[in-house]
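Q: Quick one: sequence plus predicted model below, questions after.
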Amino acid sequence: SLDVNLVAACGREKMADESARLCPGMADVVVGTPGRIVAHMRETEGFERQLSTVEWLVIDDADRLLQQSHQDWLPRLMAAVERKPGLAEQSKYADPEADSEAEIYHAGNPDLAAPAEQGCNGLPSGLSLCDYVVMSDPQVIDAEAALGWRRGVRKLILSATLTRHPAKLHSLRLHRPLHLHAATADDMSGSNKRFSLPTTLSERCAVVPPGGKPLALVLELQAHFSTGDSAGDGGTTDAGGVIVFAATVETSHRLARVLQLYGGVAVSEYSARLRPEDRRASLKRLADGTTQVLVCSDVLSRGIDVSGVTLVVNYDAPSHPKTYVHRVGRTARAGRRGAAITLLLREEVRFFSQLRKKAGLRAIKPAAIAAYRAVVAHNESAVARCTACLGELETVLAHESMQLLQPTADVAALATDAGLDKVAQ
């Protein structure tokens, strides 16, 4: 383990308790949310001044944070971390032509180089291209070090779907930026590539009839836990945790209840309708294996890393390419295998194909409704049980509305004969 003092400033504790650990010299690494950091800059004595000693600034999930402007967090933070002794004096030594000497290398093939051009707001034009890397001249860096110049705070801007908006990038006040795009050479071959996905991710989609999604989900979970072949390609993906994404908070709650009634595997919910402590508990259960299936809204699609998730199910198709990339990014992480399945109605097929094309992702041929019906014909017991659970759902929701049942209470005990448990061992 690292011998560092790490402090979380995210509102999970009282302001006074966080402030006590943010006194000068107390913290080596601070992890926080924008709103909480600004609050400490305003209320914690010495904290804003201490930010002028920051050496590394990391902004994770940058495209989403750059859309947030509450309390003017970004310009305030940039001003604080860049308020360094000698920074004004250093600027007079800066070479105005230095950026034009940068070289741009293709990340997939270093032999493919392009001349550096000056883009808007002083940024190299290559920064707007996901498949290029901007490299500063090492001789310039060495010269600065020899003269004792301070290069200021280093900034790491991370996102699976980094924005290309010039104004938003300019707000980060980047100097000689390096744009690194983690992708294979094959990913970089197309000029329309906006995003890339892990090569260890298997994707497929299936067309289901109206009203058939609950049963289709149950059948997918049965296949996942019985064979471990979530990809449906005869591979060796181990059965592991499952995350199911629904379009709305209400849909995710209803779907979680249906799966709990069906029984057999532990199912939890993660959505904005739950208290923060309940959401954290749901994540913890998925991480330690107590819960096998987590049904959630898009609140979980970003910034969450849960080990052991091998299957992502898009119960409702996403409406934006970025949403799809972040959803399926919950599996196949750090070189591990994973699978993503999208359930589509017939009228959603064209939109989903266009969404993938817009994102620069390869086309996927959906499994036809006939394939779904063939599977259903051999699972009459699953059909009957799922139908019964959908009928019982209204009773559960009625109990919740009368406050006879807590929304977070597991209703699996109401299930009769085992459903998924036969294959969940």
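A: All right, it came through fine. Numbering: from 1, shown residues only.
Q: Please tell me how far residue 199 sits from residue 335.
A: To residue 335, residue 199 is 9 Å away according to CB to CB, to the nearest Å. Bear in mind the C-beta positions are built from the backbone N, C-alpha and C, glycine included.
Q: neighbour-wise, which of these two wins?
A: A direct count of neighbours by other CB atoms under 10 Å for residue 199 and residue 335 places residue 199 higher, at 13 against 8.
Q: Just read off the phi/psi values of the closest residue to residue 27 other than its chain neighbours.
A: The spatial neighbour of residue 27 that comes closest, neighbours along the chain excluded (CB to CB, 6 or more residues apart in numbering), is residue 7 at 4.3 Å. Per-residue torsions, residue 7: phi -120, psi 130 (degrees, to the nearest 10).
Q: which ones are touching residue 7?
A: Residues near residue 7 by CB atoms under 8 Å, 6 or more residues apart in numbering: 18, 21, 22, 26, 27, 29, 30, 31.
Q: do the same with residue 257
A: 393, 396, 397, 411.
Q: Considering those, which is situated nearest to residue 272?
A: Closest approach to residue 272 among those (CB to CB): residue 397, at 17.8 Å.
Q: So for the strand or helix carrying that closest one, what gets flagged as buried?
A: Using DSSP states H and E, residue 397 sits within helix 380-401. Across helix 380-401, burial judged by 16 or more other CB atoms under 10 Å covers 382, 385, 386, 389, 390, 392, 393, 396, 400.
Q: what about residue 25, which SS state?
A: With DSSP: H, G, I helix; E, B strand; the rest coil as the basis, the three-state label of residue 25 is coil.
Q: For residue 308, see how far away it is.
A: For residue 25 relative to residue 308 (CB to CB), the value is 39 Å.
Q: who's more crowded, these two?
A: The neighbour comparison of residue 25 against residue 308 (other CB under 10 Å) goes to residue 308, with 14 against 9.
Q: if I read this right, that one contacts residue 289, doesn't it?
A: Yes. The criterion here is CB atoms under 8 Å, and residue 308 meets it with residue 289 at 7.0 Å.
Q: Double-check that residue 17 belongs to a helix.
A: Yes. Counting by three-state DSSP, residue 17 is part of a helix.
Q: could you list every residue that touches residue 20?
A: Per CB under 8 Å, 6+ apart, neighbours of residue 20: residue 26.
Q: okay, it: pLDDT?
A: The model reports residue 20 with a pLDDT of 93.
Q: Which helix or strand contains it?
A: Element membership for residue 20, per DSSP H and E: helix 15-21.
Q: quick one on the thing from earlier: anything in contact with each of residue 308 and residue 289?
A: Residues touching both residue 308 and residue 289 comprise residue 241, with contact defined as CB under 8 Å, 6+ apart.
Q: Could you report the pLDDT at the residue nearest to residue 27?
A: Reading off the model, residue 7 has pLDDT 93.
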